[in-house]
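Enquirer: Dropping a prediction and its sequence here:
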Amino acid sequence: MPALWQSALLSTPQININLVTQDSMLVEYESVSGAINYTVKVAHLDMIEQNITSTDISVPVKGLLPGRVYSISVYVMYVEGISQASGVYQQITVPDNLTNLLVHNVTSYSLNVIWTLAAYGQVSTLVKISREHTGTDHRESIPEQTVTTNSTHFSNLLAGTNYTVSVQSQNAAGLSAQSTFSFQTAPDKPEIVKIVAAHTSLNISFDATQGAVLYRVTISSNLAKDTTSTYAYFDGLNDGMQYSVSVEAFSPNQPVLGVLSSHPSDPIPVSTYTNSCTPNPCWNGRCSVDENNYTCECEAGFTGRNCSIDIDDCSPNPCVNSTECNDRVNDYQCVCTPGFEGKNCEKSYDDCRNTTCSSFECVDGFRSYTCLCKNGYSGEECEISKKI
């Protein structure tokens with residue numbers, strides 16, 4: 001029997017390809033009765049790359065290139081000779097890893113992802129993004145995307161939050177290894193809680209935001225302060241001046257991305273108070289600023305908004321035996337009716353005060369007095385001595 005006719009009658013096995021990676025695959029086939037060994041032929045673009053002879057029914061093929069299509073066939077060696085090639089099996093390897101992965105246009109809630117496509121065999125890209133939970137390894141995944149371009153966009157993210165984005169090239173053979181990029185989204189814009197204005201100062205407080213390490217408080221185009229706390233104090237401002245207050249939050253400095261900033265908070269207009277005490281409107285008192293107004297603290301004896309009214313100390317009249325009350329500053333003077341004295345003319349005048357009968361007993365009367373003379377004396381002043 002001719003050798004070629006014999007070769008045509010020799011059995012060839014069915015091929016299965018498993019465990020395909022970027023640079024290897026496992027070629028499996030059925031055991032054939034009477035076989036001495038098997039030869040696995042691996043070719044790319046009609047160029048034989050490997051001939052592997054083995055007695056096993058599975059052969060690992062290594063040293064392949066990512067994303068290439070290989071033709072695999074198996075020959076069986078018998079005592080009678082070698083069989084014809086099995087049916088040729090076409091198998092593509094897993095595509096190469098993606099490179100130059102980068103996120104850009106990162107805001108508080110969205111970002112763009114870009115990468116360089118694999119040179120061979122890539123059909124699409126699987127893109128995933130996951131949120132890192134502080135203090136744990138658990139990550140919350142966002143719906144993954146499969147795209148055929150070299151970029152994509154994610155939205156509805158959380159502000160000031162750590163994320164990891166990963167990309168994998170894929171084809172019918174499977175997925176490449178992940179290329180990853182970790183980053184933090186920009187902080188959310190702060191919310192202003194309170195503004196306390198005085199006539200030359202502003203005290204501003206606001207809420208802390210997730211992921212922020214620095215805040216910039218701006219009150220005008222050329223006046224701003226950076227702070228790590230949640231308040232800022234501006235002094236030495238012009239009184240009666242209007243300002244526009246807004247706050248911006250900044251992330252830590254990140255590799256590649258640098259420092260990311262939030263949108264500024266909605267501006268709030270506010271004015272310092274007018275210094276109503278210049279010039280001093282208080283005639284007789286001390287002036288103090290009260291918001292956009294003033295308050296006068298009057299000196300004793302004065303009243304009224306501007307301390308311009310002299311208080312009438314004669315109303316009601318404190319003088320009880322008087323013909324006249326004269327008002328003074330925080331005081332008064334009573335003009336007493338003859339026969340009375342004292343601050344309020346409340347005392348009867350002591351007519352005995354300057355009499356010569358003081359060595360005798362004097363009885364005071366109203367604008368008069370009476371001397372009670374001792375034995376031997378008489379007269380109005382007891383000035384007459386009786387002769388015995």
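Expert: Right, received. Where do you want to start?
Enquirer: Could you give the bridge partners of the spatially closest residue to Leu102 that is not a sequence neighbour?
Expert: Nearest residue to Leu102, sequence neighbours excluded (CB to CB, 6 or more residues apart in numbering): Ile114, at 5.4 Å. Using the backbone N, CA and C atoms, a C-beta is placed for each residue, glycine as well. When assigned by DSSP bridges, Ile114 has beta-bridge partners Leu102, Ser151.
Enquirer: Distance check, Ile114 against Val167.
Expert: 10 Å (CB to CB, to the nearest Å).
Enquirer: hey, what's in contact with both of these two?
Expert: Shared contacts of Ile114 and Val167 (CB atoms under 8 Å, 6 or more residues apart in numbering): Leu101.
Enquirer: Who has more neighbours out of the two?
Expert: When Ile114 and Val167 are compared for neighbours, Val167 comes out ahead with 28 against 15, by other CB atoms under 10 Å.
Enquirer: these two touch, right, the more buried one and Gln122?
Expert: No - applying CB atoms under 8 Å, one finds Val167 not in contact with Gln122, separated by 10.8 Å.
Enquirer: Any regions of this structure where pLDDT drops low?
Expert: In the predicted model of the chain, residues 1-9, 133-141, 291-292, 358-359, 387-388 satisfy pLDDT under 70.
Enquirer: Break it down into its structural domains.
Expert: 3-92, 99-184, 192-271, 356-385 (automatic domain parsing).
Enquirer: What residues of the shortest one count as buried?
Expert: Using 16 or more other CB atoms under 10 Å as the test for burial, domain 356-385 gives 357, 362, 369, 371, 373, 377, 381-382.
Enquirer: what's the answer for stretch 234-251, then?
Expert: Going by 16+ other CB under 10 Å, stretch 234-251 has these buried residues: 234, 237, 239, 243, 245-251.
Enquirer: any chance of the domains of the chain in TSV, plus distance to Cys314?
Expert: Converted to TSV, these look like this (distance: least, CB to CB, whole Å):
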stretch	distance to Cys314
domain 3-92	111
domain 99-184	73
domain 192-271	40
domain 356-385	26
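Enquirer: Tell me which of these lies nearest to Ile309.
Expert: Closest approach to Ile309 among the domains of the chain (CB to CB): domain 192-271, 27.0 Å.
Enquirer: ok now the closest one, how far from the chain's centre?
Expert: 10 Å (CA atoms, centre = their mean, to the nearest Å).
Enquirer: Same check on stretch 376-387?
Expert: When distances are taken as CA atoms, centre = their mean, stretch 376-387 is centred 107 Å away from the chain's centroid.
Enquirer: who's in contact with that stretch?
Expert: 355-357, 360, 371-374, 388.
Enquirer: Sounds good, over and out.
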